[in-house]
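Peer 1: Dropping the sequence and predicted coords here.
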Amino acid sequence: MTAARIRQKLRVYRKSPLSLVLFLLVSFAALLTVGSLLFLIGYILVMGVPYLSTSLFALHYTSENVSLLPAMLNTLSMTLLALLLAVPVGISSAIWLAEYARRGNRLVGIVRVTAETLSGIPSIVYGLFGLLFFVSALGWGYSMLAGAFTLALMILPLIMRTTEEALQAVPDIYREGSYGLGAGRLRTVFKIVLPAAIPGILAGVILSVGRIVGETAALIYTAGTVAQVAGSLLSSGRTLSVHMYALSSEGLHIHETYATAVVLLIIVTVINRLSAFIAKKLSKG
């Protein structure tokens, strides 16, 4: 920042002391947020990296190696299955809300309020619902399928609301230009509006992935805690977050718990970077 720019800002702050107060508060909040993030990442890396070993990546879990590989494979499977269930429904619902439903429609308001309410429900409540409905009522037992359906219900409101906001952020001139060229509403939505909204939609999907891989309470009650690779959709299996919880609660493998946290952190970072790369490529296309 040049000296002239600094003098200009000082003159503004002298005229409006409240602006200086707000600037300092925002700067403090930003530094606190970044500092907390860096501290958490550094603490996890320092505590976990020294205990990463080849035995943690054995194909089969035993009480000696406490391998995280089965949990990692289950995490990837659970994430893909939950997204396959939630993303089509969430995006389709958002398209109807943003493009087809009449503005001021009472049903639209009810759906939005319901989605926002569901977003604030604690995950353990979803877990209890999944236990009563998917595990017991439907007879699926503790299984990957029950866990995936429970997680799909959890992330559905998030995907729906972020997609709707991304669609609404697309300028109306895009739609008007498409209609002016003779395209119908369906072609306009899928050829013009959706491609322009892809970065916002992927942002919602990324947030959903973060919630899936970090979920513990809901999966303990639905997917179970079996420390092996799930052989089928109706088999029980633990994810990385549940694996971390199980190791820490036992109190016998705390170092391996931190090592698992490092792997989980790397997976989330890779997924986020990959999604951002895809969004950038699609937006350019």
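Peer 2: Cool, the structure landed.

Peer 1: For the helix or strand hosting residue 32, list every residue counted as buried.
Peer 2: Using DSSP states H and E, residue 32 falls within helix 17-48. For helix 17-48, burial by neighbour count (16 or more other CB atoms under 10 Å) applies to 44, 47, 48. For the C-beta atoms, the positions are set from N, CA and C on the backbone; glycine is no exception.

Peer 1: can the residues you listed go into TSV with extra columns for pLDDT and distance to residue 237?
Peer 2: Below are the buried residues of helix 17-48 laid out as TSV (pLDDT from 0 to 100; distance: CB to CB, whole Å):
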residue	pLDDT	distance to residue 237
44	91	24
47	91	26
48	90	23
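
Peer 1: Which neighbouring elements make contact with the following helix or strand past the helix holding residue 32?
Peer 2: Using DSSP H and E, the next helix or strand after helix 17-48 towards the C-terminus is helix 69-95. Applying 3 or more CB pairs under 8 Å, 6 or more residues apart in numbering; DSSP states H and E, one finds that helix 69-95 makes contact with helix 144-168, helix 194-213, helix 240-250, helix 254-284.

Peer 1: Now do the buried residues in helix 69-95.
Peer 2: Neighbour counts using 16+ other CB under 10 Å place 69-75, 77-79, 81-83, 85-87, 90-91, 93-95 of helix 69-95 among the buried residues.

Peer 1: And stretch 49-67, by the same measure?
Peer 2: Buried, per 16+ other CB under 10 Å, within stretch 49-67: 51, 52, 56, 58, 61, 65, 66, 67.

Peer 1: ok, now which ones touch the first one?
Peer 2: Looking back up the chat, that one is residue 51. 255, 256, 258, 259 (CB atoms under 8 Å, 6 or more residues apart in numbering).

Peer 1: Just the buried residues out of those residues, in ChimeraX syntax.
Peer 2: To isolate the buried members of those in ChimeraX, using 16+ other CB under 10 Å:
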select :256,258,259
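
Peer 1: Go through the contacts of residue 51 and name the one nearest residue 138.
Peer 2: residue 256 (34.9 Å; CB to CB).

Peer 1: can you tell me how far the closest residue to the closest one other than its chain neighbours sits from residue 47?
Peer 2: Nearest residue to residue 256, sequence neighbours excluded (CB to CB, 6 or more residues apart in numbering): residue 66, at 5.1 Å. Counting by CB to CB, to the nearest Å, the gap from residue 66 to residue 47 is 16 Å.

Peer 1: so where's the protein uncertain?
Peer 2: 1-15, 104, 282-285 (pLDDT under 70).

Peer 1: let's see it at 50
Peer 2: Within the chain, not a single segment meets pLDDT under 50.

Peer 1: How is the chain divided into domains?
Peer 2: Domain ranges of the chain: 3-51, 56-284, per automatic domain parsing.
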